[in-house]
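In: below are the sequence and a predicted model; questions follow.
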Amino acid sequence: MNNPEKAPALPDIKPQTEIAVLDRGSAFGMDLQFSMKDVCVAVGMQSTFVRKVCGKLDNFSASDVILLLDQDCYRETVVPRSKVLNYLRDITLRSDPDRVISSKNIDGFQLVHGNSIQKIREIEQNSVRCVVTSTPYWGLRIYKEPRFSLWADGEYCPYGHEQTPEGFLRHTTEVLSSLFDVLAEDGSIWWNVMDTFNTRTQIRSNAVEALRAMQGHDQRSWGDHECRRYSAGHSYLKDGEQCMIPALIAERASRIGFYVKTVITWAKTSTLPEPQGSRVSKNLEYVLHLTKTRTPLFNKEIYRTRPAALGGRNNGWETDKLSDVWTLPTSSGRDGHGAQFPIALPARCIGLTSNEGDLVLDPFVGAGNSGVAARALGRRFIGIDVCEEYLETANRKIAETQRLPDDNSTAQIAQQESSGRFL
Ligand SMILES: C[S@@+](CC[C@H](N)C(=O)[O-])C[C@H]1O[C@@H](n2cnc3c(N)ncnc32)[C@H](O)[C@@H]1O
């Protein structure tokens with residue numbers, strides 16, 4: 001039995017695709033009925049299409065599910081095809097979560113220590129107006145307290161340390177699926193994620209370490225590193241290729257019921273040099289805007305009325321039009337956390353898609369920049385992280401944050417910005 005408290009050493013990442021096929025015979029011994037909601041998530045189809053295939057049913061047998069898995073349009077979501085029936089059996093038999101984190105008990109902000117995969121299921125349903133987060137990226141960073149999780153697909157690893165990009169996509173979809181339940185009907189999720197190149201590399205703690213290594217200052221040999229990523233053995237990705245993870249997350253989010261409103265490019269105003277001679281340097285990350293309805297709450301005017309440090313137009317870099325390219329600085333990475341986003345980024349997301357007093361959630365809160373943005377904008381906030389040290393930093397920063405007065409003037413905000421309070 002895996003014990004999440006006693007974490008094993010981080011395994012190397014070897015992206016070898018397993019050979020596995022669907023066992024159609026297993027449907028015969030399974031006499032459970034599955035709900036429409038669970039089936040739609042597991043097979044990545046809308047209820048209207050599921051009805052077209054199976055008829056007007058409310059509950060589905062294992063044979064109905066096999067019929068759906070055989071459709072040309074079937075695509076994997078939270079578990080691979082060979083495990084869909086067992087996954088449906090497990091979630092049908094598991095008890096409903098005890099939703100002990102209630103919106104009405106959160107006055108200012110609450111930081112929750114623990115694994116997001118479990119903690120999100122404790123939050124009251126439909127209570128969060130805006131989720132804004134930057135998750136671990138696949139195979140790129142080692143955080144201070146990597147927490148091993150047992151995922152629905154059976155893999156046991158910290159989030160971001162999956163053996164394949166598909167594992168990372170499945171786990172991301174599992175987290176997104178539990179967020180669907182806690183998000184308000186007109187709410188929004190903003191999902192900051194970067195792509196990974198399928199290369200052979202050492203995994204490091206932050207960008208500065210990576211830069212020092214590039215400059216020849218890391219004397220450790222390949223074998224001395226805590227964790228390495230290899231590139232061979234994937235069913236189609238070749239050595240050196242870009243994995244396309246952000247686009248694939250967007251596709252899976254759509255398949256489990258979200259509207260993909262926009263895939264935003266975050267164009268960074270500065271990035272580290274890259275040594276590769278056969279491709280252009282990477283200057284961007286992505287922010288996926290996902291919603292439950294076609295017309296979510298959306299306050300477009302904040303782009304013109306807020307200061308740049310709190311999500312307004314970044315003068316000199318951005319035009320008057322709020323577009324799908326956001327030119328924002330990178331974070332200074334102070335506070336001992338090596339993968340932070342700038343406060344302006346969550347502030348823009350929060351300002352656009354929530355009102356004062358609304359509840360904002362960051363399930364991977366790190367050093368707390370989304371919480372600082374939420375509090376400065378007068379929103380209530382929940383942040384979750386597995387690392388106590390990061391949460392201490394987040395707690396200090398959020399507690400020090402002053403809410404902007406309702407009648408704030410540009411001059412007042414400019415003064416606050418130059419004093420560094422929001423930087
Ligand atoms: C990219 S960082 C977030 C940084 C944050 N946006 C900031 O500006 O400081 C991802 C965070 O996810 C946390 N984390 C990783 N796995 C987790 C899990 N299963 N549950 C909760 N937090 C997790 C890490 O400790 C890390 O702080």
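Out: Received it, and whenever you're ready, just let me know what you need. Numbers count the residues shown, from 1 in each chain.

In: give me the neighbour count for the closest residue to the ligand within the chain.
Out: Residue nearest to the ligand within the chain: residue 366 (2.7 Å; C-beta to the nearest ligand atom). In this view, the C-beta of every residue, glycine as well, is placed from N, C-alpha and C. Per other C-beta atoms under 10 Å, the neighbour tally for residue 366 reads 26.

In: over to residue 81?
Out: With other C-beta under 10 Å as criterion, residue 81 counts 16.

In: show me what contacts it?
Out: If a contact means C-beta atoms under 8 Å, 6 or more residues apart in numbering, then residue 81 has 22, 69, 74 as its contacts.

In: and with 10 Å instead?
Out: 20, 21, 22, 42, 43, 69, 70, 74, 75 (C-beta atoms under 10 Å, 6 or more residues apart in numbering).

In: got it, and residue 261?
Out: Here residue 261 is in contact with 188-190, 250, 288-291, 294-296, 298, 324, 353 (C-beta under 10 Å, 6+ apart).

In: generate a ChimeraX selection restricted to the buried subset of those residues.
Out: Selection command for ChimeraX covering only the buried members of the contacts of residue 261, criterion 16 or more other C-beta atoms under 10 Å:
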select :188,189,190,250,288,289,290,291,296,353
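
In: could you pick out which of the contacts of residue 261 are located in helices?
Out: Per DSSP state H, helices hold the following members of the contacts of residue 261: 250, 353.

In: centroid-nearest residue for this protein?
Out: Nearest to the mean C-alpha position of the chain, by C-alpha atoms, centre = their mean, lies residue 135 at 4.2 Å.

In: tell me the secondary structure for the closest residue to residue 235 other than its chain neighbours?
Out: Distances taken as C-beta to C-beta, 6 or more residues apart in numbering put residue 17 closest to residue 235, at 3.8 Å, once the chain neighbours are dropped. Residue 17 falls in the coil class when you classify it by DSSP: H, G, I helix; E, B strand; the rest coil.

In: pretty sure residue 17 contacts residue 198?
Out: No - with contact defined as C-beta atoms under 10 Å, residue 17 does not count as touching residue 198 (11.9 Å).

In: which one's more surrounded, these two?
Out: residue 198 (23 against 15).

In: so what's that one up against?
Out: 15, 138-139, 164-165, 229-232, 234, 236-243.

In: how close does the nearest residue to residue 283 once chain neighbours are set aside get to residue 250?
Out: Distances taken as C-beta to C-beta, 6+ apart place residue 271 nearest to residue 283, at 5.2 Å, with adjacent residues excluded. Distance check for residue 271 against residue 250: by C-beta to C-beta, to the nearest Å, it reads 23 Å.

In: with residue 52 instead?
Out: Applying C-beta to C-beta to residue 52 and residue 250 gives a distance of 24 Å.

In: cool, residue 31 as well?
Out: Counting by C-beta to C-beta - residue 31 and residue 250 are separated by 37 Å.

In: what do you get for residue 199?
Out: 23 Å.

In: what do you get for residue 322?
Out: Distance from residue 322 to residue 250, by C-beta to C-beta: 20 Å.

In: can you check residue 192 too?
Out: When residue 192 is compared with residue 250 (using C-beta to C-beta), they lie 13 Å apart.

In: overlap of the contact sets of these two?
Out: By C-beta under 10 Å, 6+ apart, the residues touching both residue 192 and residue 250 are 286, 288.

In: before we move on, back to that, contact partners for the residue nearest to residue 283?
Out: So residue 271 contacts 207, 281, 282, 283, 284, 285, 330 (C-beta under 10 Å, 6+ apart).

In: wait, does the helix or strand harbouring residue 265 contact the ligand?
Out: In this structure, residue 265 sits in strand 259-268 according to DSSP states H and E. No - between strand 259-268 and the ligand, judged by C-beta under 6 Å from any ligand atom, nothing touches; the nearest distance is 12.4 Å.

In: residue 134 contacts residue 346, doesn't it?
Out: Yes - counting by C-beta under 10 Å, residue 134 does reach residue 346; the two are 8.5 Å apart.

In: and those two? Which one has more around it.
Out: Neighbours per residue, other C-beta under 10 Å: of residue 134 and residue 346, the larger number sits with residue 346, 28 against 24.

In: write out the residues of the chain neighbouring the ligand.
Out: With C-beta under 6 Å from any ligand atom as the criterion, the chain meets the ligand at residues 115-117, 134, 136, 143, 147, 149, 158-159, 337, 339-341, 364, 366-367, 369, 384-387, 390.

In: tell me where this protein has strands.
Out: 34-35, 59-60, 109-113, 128-134, 149-150, 156-157, 183-193, 201-202, 228-229, 259-268, 284-291, 325-328, 359-362, 380-385 (DSSP state E).

In: paired strands for the third one, with orientation please.
Out: Strand 109-113 has the following sheet partners, assigned by DSSP bridges: strand 380-385 (parallel).

In: so for the partner strand, mean pLDDT?
Out: For strand 380-385, the mean pLDDT works out to 98.

In: where does pLDDT dip in the chain?
Out: For the chain, applying pLDDT under 70 flags the ranges 1-7, 332-334, 405-423.

In: quickly list the domain ranges of it.
Out: According to automatic domain parsing, the chain comprises the domains 26-93, 103-199+232-270+279-418.

In: please identify the most buried of those.
Out: domain 103-199+232-270+279-418 (a mean of 19; mean count of other C-beta atoms under 10 Å).

In: tell me where the chain has helices.
Out: 36-43, 47-54, 62-69, 84-93, 116-119, 165-182, 207-214, 245-255, 302-305, 344-353, 369-376, 388-400, 410-418.

In: would you turn these into JSON lines with distance to residue 100?
Out: Shown next, in JSON lines, are the helices of the chain (distance: least, C-beta to C-beta, whole Å):
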{"stretch": "helix 36-43", "distance to residue 100": "23"}
{"stretch": "helix 47-54", "distance to residue 100": "30"}
{"stretch": "helix 62-69", "distance to residue 100": "32"}
{"stretch": "helix 84-93", "distance to residue 100": "20"}
{"stretch": "helix 116-119", "distance to residue 100": "10"}
{"stretch": "helix 165-182", "distance to residue 100": "13"}
{"stretch": "helix 207-214", "distance to residue 100": "37"}
{"stretch": "helix 245-255", "distance to residue 100": "27"}
{"stretch": "helix 302-305", "distance to residue 100": "33"}
{"stretch": "helix 344-353", "distance to residue 100": "25"}
{"stretch": "helix 369-376", "distance to residue 100": "20"}
{"stretch": "helix 388-400", "distance to residue 100": "18"}
{"stretch": "helix 410-418", "distance to residue 100": "36"}
